[in-house]
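**Student:** sequence and predicted structure are below.
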Amino acid sequence: MIGGVCFSHFFLCTFSVSVTLEPMPDDDRTPSGNVLDRLEKAEQLKLESKYADALAILEQLVLEDPENVSALEEIADNELSMERHDRARAAAKRAVALDPQSYTGEYILGFLLSRDEQWSEALAHLRKANKLKPNNPEILRCLGWALFSSNQRAQGIVTLERALNLDRENPLTLCDLGVSYLHIRNFSKAKALLGHALDIDPTNERVRECVEAVKRLERAAKVEGK
């Protein structure tokens with residue numbers, strides 16, 4: 001808390017959007033023929049925000065092959081986009097149970113636990129996802145935020161900086177890192193990062209809220225210092 005303002009609402013600012021983690025080129029689970037075509041169709045529908053249509057394809061794939069890990073991972077991602085967290089969690093858990101190398105499943109489980117502020121459990125999944133898929137900026141972003149939020153602030157900021165170096169125009173990473181600097185009262189750094197996030201995504205209301213919060217907290221800190 002700074003100047004009587006609580007930071008709890010920033011969590012909603014930073015964990016608000018799911019992303020797709022691309023398959024590794026050497027993935028042993030590469031689906032064949034018709035299945036791959038349908039997965040690609042579902043991916044396209046997801047990118048168009050047609051989540052229900054994508055799920056119809058993916059659920060049919062799982063009916064045909066209950067051990068289709070790629071389809072389960074995509075189901076989890078689509079359910080996450082629809083904010084149906086219990087269903088996303090169930091699909092991700094099934095994917096990880098079938099394939100311990102499912103970094104997408106581990107990431108989604110960590111993401112969901114972070115939303116619930118279950119930091120130690122989230123870190124276990126996010127660290128495993130990062131080990132399975134090093135240098136993925138989205139995994140690093142969520143890992144960095146979880147580290148920072150579990151009072152491992154220095155390591156969290158370093159990890160968020162790594163994520164930003166890998167994806168310099170990601171407004172979510174800029175927002176997370178800006179809020180982290182805001183926590184430690186580095187207002188100039190926070191303003192620069194959040195201002196850049198707003199330049200990239202000027203319609204993002206959550207980023208706008210963070211920018212306004214910087215101004216309020218900076219004023220409050222000046223009053224406290226008098």
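**Tutor:** Thanks, I have the structure now. Given the structure is predicted, the values throughout are model-derived calculations rather than measurements. Numbers count the residues shown, from 1 in each chain.
**Student:** from here on, just use CA atoms for contacts and neighbour counts.
**Tutor:** Will do.
**Student:** ok, and the closest non-adjacent residue to I57?
**Tutor:** A42 (6.3 Å; C-alpha to C-alpha, 6 or more residues apart in numbering).
**Student:** show the subsequent helix or strand relative to the lowest-mean-pLDDT helix or strand in the chain.
**Tutor:** In the chain, no helix or strand scores lower on mean pLDDT, DSSP states H and E than helix 10-14, which sits at a mean of 41. Sequence order places helix 33-47 as the next helix or strand after helix 10-14, per DSSP states H and E.
**Student:** nearest the middle, which residue of this structure would you pick?
**Tutor:** Nearest to the mean C-alpha position of the chain, counting by C-alpha atoms, centre = their mean, stands C142 at 5.1 Å.
**Student:** give me the element that residue is part of.
**Tutor:** Counting by DSSP H and E, the element that carries C142 is helix 137-149.
**Student:** what of A190?
**Tutor:** Judged by DSSP H and E, A190 forms part of helix 187-200.
**Student:** and that helix, what does it pack against?
**Tutor:** helix 171-183, helix 205-225 (3 or more C-alpha pairs under 8 Å, 6 or more residues apart in numbering; DSSP states H and E).
**Student:** what packs against the first one?
**Tutor:** Packing partners of helix 171-183 (3+ C-alpha pairs under 8 Å, 6+ apart): helix 10-14, helix 137-149, helix 153-166, helix 187-200, helix 205-225.
**Student:** mind running it again at 7 Å?
**Tutor:** Helices and strands touching helix 171-183, by 3 or more C-alpha pairs under 7 Å, 6 or more residues apart in numbering; DSSP states H and E, are helix 10-14, helix 153-166, helix 187-200.
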